[in-house]
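Visitor: dropping the sequence and predicted coords here.
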Amino acid sequence: MNTQPVLIKMKKTLFLMSILGISISPLFGVYLWEKTPESDDKYTLQPPPPLNTPFTSYADAEDYLKELRLSNPAAYQFTVTNMGKAWSIDFYQLEQITDATGLNPEPYTLLLSEDNSSGTTTYVLDRIMEGSTPYHGPPLVKYVEAQQVLGTKSVEIQAFVALGQDTGGGYGDKASRVEFWFKPNAQTIQWQRCFSLSPGNDPVTGMQYQTDGSIQSGSMKAIWDAGMDTPNFSTQTGKIRVLAYYEQDSNGMTRYESGWDGYEAENGRTFTLNAGGQMIQYNQTSQDFTMFINDNNIVRIGSYDHQGSFFPVYQFSGQQLALLIGPYPAGVYAFGEVDNGGGIFEPKIIPVN
């Protein structure tokens, strides 16, 4: 499982998000991008005519490319790679805006960077290419970016996702899924799930917007309707997390949820076993417990470390416990699956303090 959070500023009444369309996964799995071996595959961006005013910053140079994309979207394509934001530019246009000459008639995929090697700051476009070896490893999420869609209560989310090759006899990626999470600021340790993700296609690239669920490798874009999930809310310091995971876990079981509850256990309060307290058998499934917690809006308040596993901890009223397991005193309890001594794990409710 891999996640990557990103800071997002939101204005007005709500927070907004959106996801970029995902690119189609290659037949034999995704290939990570890398710089070309040729040292001359680097082109200096020229100040725009007619004033030829030098660029004052990376953002200034990037804004210039964005303006070119708006005026000629067919010649200037934008994508996200494992190396960062990249531009795919027609060879003729590349010769017009850089010091490049005699280029081969083909599209060029490039990274914009700052170059101080000559003593003067310039901005260059470095050519990159897909590597020769399919990616193997856990789901990789890189370069997550999010911004509010102007004039709306939606948020556009972009990221690059790399998934391992299917080794079970199929082609392309391992079956994988993705979730999107939000929190209002860096200090909050409880993330909220983003559910209202818009279907459809990007009007510029035609790529399909990513939604909650199945995902493929490549550059992706999503649109989150924050106004739907969190109405009447405003923040300037919100953060987005993109969480990708394989459908088949390490035990060979198929899952359709990551299992993460959005709580940053490493930054939260830690509880210890209540001396003399007995673990209480929970006679339903862990999924039933989670459903009860969600239906009753019971908030996690910390974690209990049980032999290296961090179980969630909740504050229960007597009435809540009566509905859940019977007549037990109100208090603080952890929940988790515990080995019964025979290698079988059973759900338990554990008194802690």
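Guide: Happy to help now that I have it. Keep in mind that this is a model prediction, so the values were computed, not measured. Numbering: from 1, shown residues only.
Visitor: okay, now residue 245: neighbour count?
Guide: Counted with other Cβ atoms under 10 Å, residues neighbouring residue 245 total 22. Bear in mind the C-beta positions are built from the backbone N, C-alpha and C, glycine included.
Visitor: any stretches of the stretch 201-350 of the chain with poor pLDDT?
Guide: Confidence mapping of the stretch 201-350 of the chain against pLDDT under 70 gives zero matching residues.
Visitor: any chance you could map the helices in it?
Guide: Assigned by DSSP state H, counting those that start in this stretch, the stretch 201-350 of the chain shows helices spanning 226-229, 286-295, 318-324.
Visitor: pull the distance from the longest one to the chain's centre.
Guide: In this case it means helix 286-295. Between the mean C-alpha location of helix 286-295 and the chain-wide mean there is a distance of 25 Å, by Cα atoms, centre = their mean, to the nearest Å.
Visitor: can you dump the C-alpha atoms of it in PDB for me?
Guide: The C-alpha trace of helix 286-295 is given here as PDB (Å, rounded to 0.1, in the frame of the first residue of the first chain):
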ATOM      1  CA  SER A 286     -14.800  -6.900  12.300                       C
ATOM      2  CA  GLN A 287     -16.800  -5.500   9.500                       C
ATOM      3  CA  ASP A 288     -19.900  -5.400  11.700                       C
ATOM      4  CA  PHE A 289     -18.000  -3.600  14.400                       C
ATOM      5  CA  THR A 290     -16.800  -1.000  11.900                       C
ATOM      6  CA  MET A 291     -20.300  -0.500  10.600                       C
ATOM      7  CA  PHE A 292     -21.500   0.100  14.200                       C
ATOM      8  CA  ILE A 293     -18.800   2.700  14.800                       C
ATOM      9  CA  ASN A 294     -19.600   4.500  11.600                       C
ATOM     10  CA  ASP A 295     -23.400   4.400  12.000                       C
END
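Visitor: neighbouring contacts of it?
Guide: Residues outside helix 286-295 that contact it (Cβ atoms under 8 Å, 6 or more residues apart in numbering): 261, 282, 298, 314, 323, 324, 335, 337, 347.
Visitor: give the buried residues for that helix.
Guide: Applying a neighbour-count criterion of 16 or more other Cβ atoms under 10 Å, the buried positions in helix 286-295 are 289, 292, 293.
Visitor: cool, stretch 38-46 as well?
Guide: Applying a neighbour-count criterion of 16+ other Cβ under 10 Å, one finds 41, 42, 43, 45, 46 buried in stretch 38-46.
Visitor: can you tell me what sits against that stretch?
Guide: Residues beyond stretch 38-46 that count as contacts (Cβ under 8 Å, 6+ apart) turn out to be 35, 52, 55, 61, 64, 94, 97-100, 110, 112, 115, 122-127.
Visitor: and the helices in the stretch 1-150 of the chain?
Guide: Taking DSSP H, counting those that start in this stretch as the test, the helices found in the stretch 1-150 of the chain are 58-71, 91-97.
Visitor: out of those, flag the one nearest residue 83.
Guide: Set against residue 83 and scored by Cβ to Cβ, the helices of the stretch 1-150 of the chain come closest in helix 58-71, at 15.3 Å.
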